[in-house]
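Colleague: Predicted model and sequence follow; I will ask about them next.
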Amino acid sequence: MLKRLFSKILPTAVVIVAALLVTGAFGDNAKGLLKGPIVITSDTLSADAANNTAVFEGSVVAKTGDLSMYSDKMTVYYTKDGGIDKIDAVGNIRLVKGERVLTSDRATYLASEGKITFTGEPKAVEGANTITGSEIVYLINEDRSIVHDSKVYIDQGGDK
């Protein structure tokens with residue numbers, strides 16, 4: 001029984017991983033915004049070929065180039081041709097790019113728009129500077145963010 005289950009899951013997992021590697025990170029719809037392959041690791045992977053989804057759960061880490069995203073659960077929605085359409089991540093989200101760290105409870109990546117939207121107490125930190133808001137939208141190809149209902153703390157190094 002285990003062998004039969006493994007033989008059904010393995011081909012789907014291989015197709016998903018191959019699609020992620022071939023499309024150069026988050027699929028053709030991303031229009032080359034993220035460079036290089038993406039590698040996703042997790043405690044478990046549940047693939048549903050009928051619904052074109054893959055659910056990664058437990059200590060999820062997605063890495064590509066200089067971006068790393070961590071979460072408790074990540075659902076990848078892929079197109080019939082293997083490209084990535086959307087990624088939903090929930091629980092203990094942490095996006096790391098260099099010295100910048102963005103945290104939240106939820107994040108949604110839309111490949112067609114090249115953006116990641118963070119909700120659920122999002123906070124961006126770089127060095128001693130912090131930005132919070134109700135929503136932070138990271139525009140990948142522009143390497144910039146839009147913060148709704150922002151509160152900014154800028155450390156000018158004066159009061160120590």
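Modeller: Right, received. Where do you want to start?
Colleague: Show the contacting residues for residue 117.
Modeller: If you count contacts by Cβ atoms under 8 Å, 6 or more residues apart in numbering, residue 117 has them with 107-108, 110, 135-138. No exception for glycine: its C-beta is placed from N, CA and C like everyone else's.
Colleague: could you redo the last one with a cut-off of 10 Å?
Modeller: 104, 106-110, 135-138, 146, 148 (Cβ atoms under 10 Å, 6 or more residues apart in numbering).
Colleague: The residues you listed: which two are farthest apart?
Modeller: Using Cβ to Cβ, the two most remote members of the contacts of residue 117 are 109 and 148, lying 17.8 Å apart.
Colleague: More neighbours: the two, which one.
Modeller: residue 109 (27 against 12; other Cβ atoms under 10 Å).
Colleague: Confirm that that one sits in a strand.
Modeller: Yes: judged by DSSP: H, G, I helix; E, B strand; the rest coil, residue 109 forms part of a strand.
Colleague: Quick one, which of the contacts of residue 117 are buried?
Modeller: 104, 106-110, 135-138 (16 or more other Cβ atoms under 10 Å).
Colleague: Need those residues in JSON lines (columns: distance to residue 126).
Modeller: Below are the buried ones among the contacts of residue 117 laid out as JSON lines (distance: Cβ to Cβ, whole Å):
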{"residue": "104", "distance to residue 126": "16"}
{"residue": "106", "distance to residue 126": "21"}
{"residue": "107", "distance to residue 126": "18"}
{"residue": "108", "distance to residue 126": "22"}
{"residue": "109", "distance to residue 126": "21"}
{"residue": "110", "distance to residue 126": "24"}
{"residue": "135", "distance to residue 126": "19"}
{"residue": "136", "distance to residue 126": "13"}
{"residue": "137", "distance to residue 126": "17"}
{"residue": "138", "distance to residue 126": "13"}
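Colleague: if I look at the closest residue in space to residue 44 that isn't next to it in sequence, how far off is residue 144?
Modeller: Spatial nearest neighbour of residue 44, chain neighbours left out: residue 57 (4.9 Å); criterion: Cβ to Cβ, 6 or more residues apart in numbering. For residue 57, the distance to residue 144 equals 31 Å [Cβ to Cβ, to the nearest Å].
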